[in-house]
Each structure stands twice: as C-alpha cells, then as structure tokens.
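Provided below for reference: sequence and predicted model.
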Amino acid sequence: MFTLKNTQDEHDHSKCVHKALEQAKVLCEKQGARLTRLRRQILELVWQSHKPLGAYTLMDMLADNSDRKRVAPPTVYRSLDFLLEQGLIHKVHSLNAYMGCSHPTQKDSEALFICGTCGHTEEIRSNSIQQAINLAASQHRFTVNQQILEVVGLCNQCKGKR
Ligand SMILES: [Zn+2]
Ligand SMILES: [Zn+2]
C-alpha cells in the first residue's frame with residue numbers, strides 16, 4: 001500500500017528548494033561532478049514549484065532572472081542532461097518537461113502522478129509496482145533497461161475545487 005502525500009497544501013516550499021540544493025551540492029561533490037553556476041541556477045528554477053517545466057520555459061526564466069545574455073538552447077539542454085545523469089531531476093515524458101527529484105540519493109523505482117488540471121506532479125515510490133513490473137518482465141523473458149511510469153489524473157486539490 002502507498003499513500004499519495006499531498007504536498008500542495010500549504011507547505012513551506014522554500015524548504016524543499018533549500019533541501020534540494022543542499023542535496024545536489026553534497027551529491028555532486030561525492031560523485032566528483034561539477035555543479036556549475038548555470039547548472040545550479042537551472043536546478044533552482046526546476047524546483048520553483050512542484051509543477052514540471054519545459055526547457056523553453058526554463059530558458060525564459062533564466063533570461064528574466066539573470067544579467068547574463070540569453071543562454072543558448074543547447075547549453076540549457078546540456079545542463080538538463082547533466083542534472084538528469086546525476087539523478088537530481090526527472091524528465092516527465094508525457095509533458096516533455098522537467099521536475100526536481102525529491103530523493104536523488106535513493107535509486108529505487110518511482111512513478112509520477114501528474115495532475116492534468118494544475119500540473120502538480122508527485123513522486124510515488126512503491127515496491128508493489130516494482131514487483132509487478134519485475135514479475136511481468138520475467139514472465140516475458142524481457143530485460144528492462146528503462147522504466148517510465150507516468151500516471152495522469154486529477155489531484156486532490158483540484159478535486160476539491162469541482
Ligand atoms: Zn515543496
Ligand atoms: Zn491539480
């Protein structure tokens with residue numbers, strides 16, 4: 001069993017951002033990866049909310065937020081790739097967008113529950129989902145290289161507004 005924790009209700013999101021940036025620093029140091037100023041800025045922007053953001057939105061935000069000149073798309077994509085490789089962000093494939101990973105040190109499986117109305121996306125970790133995938137894969141003699149688990153629906157918050 002797992003429960004969907006609703007992080008939308010009044011929570012101090014600056015704590016989420018602070019924690020994510022601290023974790024990123026520690027993790028990159030440990031992995032010998034360089035968290036450059038740009039990479040850190042992008043991570044911070046991705047973490048602005050619990051809603052995934054597209055690469056072009058991030059580029060616009062970068063341009064608004066800094067005195068530097070506009071960062072070219074390939075540079076932004078390289079930074080996003082770096083953050084993905086380090087496990088600091090998730091790519092949300094169904095939205096073609098990115099979101100911060102709340103537990104970058106744990107590598108076990110997770111599913112994303114995406115609200116189709118407000119875009120709020122929650123990471124769900126569930127052993128039972130993983131076990132079901134492992135079982136199905138072995139029954140079909142299939143080797144899993146990548147898992148993309150995205151579930152679209154209506155979040156609790158939006159349900160309340162109906
Ligand atoms: Zn938060
Ligand atoms: Zn919603």
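Happy to help now that I have it. Ligands and ions are numbered 1, 2, ... in the order given.

for whichever residue of the chain sits closest to ligand 1, list the residues it contacts.
Using CB to the ion, the single residue of the chain nearest to ligand 1 is residue 16, 3.2 Å away. C-betas here are computed from N, CA, C, even on glycine. By CB atoms under 8 Å, 6 or more residues apart in numbering, residue 16 lies in contact with 7, 47, 50, 100, 102.

is stretch 148-162 anywhere near ligand 2?
Yes - judged by CB under 5 Å from the ion, stretch 148-162 comes into contact with ligand 2 at 155, 158.

sorry, back to before: whichever of the contacts of residue 16 end up buried, select them in PyMOL.
The following PyMOL line selects those of the contacts of residue 16 that are buried, judged by 16 or more other CB atoms under 10 Å:
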select buried, resi 47+50+100+102
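
TSV for the contacts of residue 16, including pLDDT, distance to ligand 1 and secondary structure?
Listed next are those as TSV, based on pLDDT from 0 to 100; distance: CB to the ion, whole Å; DSSP: H, G, I helix; E, B strand; the rest coil:
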residue	pLDDT	distance to ligand 1	secondary structure
7	47	5	coil
47	95	8	coil
50	90	6	coil
100	94	9	strand
102	85	8	coil
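
what residues go with each domain of this structure?
Domain ranges of the chain: 12-100, 108-162, per automatic domain parsing.

C-terminal to the helix-or-strand element of the chain with minimal mean pLDDT, what's the next element?
Using mean pLDDT, DSSP states H and E, helix 55-65 stands out as the lowest-scoring helix or strand of the chain, at a mean of 88. Going down the chain from helix 55-65, the next helix or strand is helix 73-85, by DSSP states H and E.
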